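Trainee: no FASTA, just this:
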């Protein structure tokens, strides 16, 4: 079974630091956590960083375009039609390898709508979350390796002392 102590420590420390920093800089704290989760859900590493970030950003941009179209729509059911089209596009774009992480695209769309259409705020927090993902993974592996080295036996056990 894989050990998660190292990544747990790195995520815990970085989560606390991000929360404090994002509050001080008036960034959207929770959005980064969703992007961070997408990094891990997309498999982690360089591939998880690229796929998670690309999918999140594409979802945000499609939602932004839908919001622009909805500003012009005045008929009943316009929102339902826009959401239906968004769902279709978010799935179909997955034919492109870069955008193949469908949950990340849906998350990006939800993030945009969940922040009341804050395009720049969402994009900044998504990038921060993706970067937190890669940093926490690398740092977590280093922490885990240090634990693994200290708990591994270093040689044969000493012989018991003779009793007189």
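Mentor: On my side now, so go ahead. Because the structure is a prediction, the values reported are computed rather than measured. Residues are numbered from 1 along each chain as shown.
Trainee: middle-most residue in the chain, spatially?
Mentor: Central residue of the chain (CA atoms, centre = their mean): residue 36, 2.2 Å from the mean position.
Trainee: element containing that residue?
Mentor: Per DSSP states H and E, residue 36 falls inside helix 29-41.
Trainee: check which helices and strands that helix is in contact with.
Mentor: Here helix 29-41 touches helix 5-24, helix 45-72, helix 102-114, helix 119-151, going by 3 or more CB pairs under 8 Å, 6 or more residues apart in numbering; DSSP states H and E. (Glycine included, C-beta is placed from N, CA and C.)
Trainee: which of these sits closest to residue 31?
Mentor: helix 119-151 (3.6 Å; CB to CB).
Trainee: and that closest one with helix 45-72, angle?
Mentor: 160 degrees (axes from the mean of the first three to the mean of the last three CA atoms, to 10 degrees).
Trainee: can we start the residue count at 731 from this point?
Mentor: Okay, residue one is now 731; in that scheme the one you just asked about reads as helix 849-881.
Trainee: in helix 849-881, what counts as buried?
Mentor: Within helix 849-881, the residues that qualify as buried are 851-856, 858-864, 866-867, 869-870, 873-874, counting by 16 or more other CB atoms under 10 Å.
Trainee: how about low-confidence regions in this structure?
Mentor: 731-732, 882-894 (pLDDT under 70).
Trainee: switch the cut-off to 80
Mentor: Scanning the chain with the threshold set as pLDDT under 80 gives 731-733, 880-894.
Trainee: turn the helices and strands packed on helix 759-771 into JSON lines, including distance to residue 816.
Mentor: What follows is these, written out as JSON lines (distance: least, CB to CB, whole Å):
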{"stretch": "helix 735-754", "distance to residue 816": "27"}
{"stretch": "helix 775-802", "distance to residue 816": "6"}
{"stretch": "helix 832-844", "distance to residue 816": "6"}
{"stretch": "helix 849-881", "distance to residue 816": "15"}
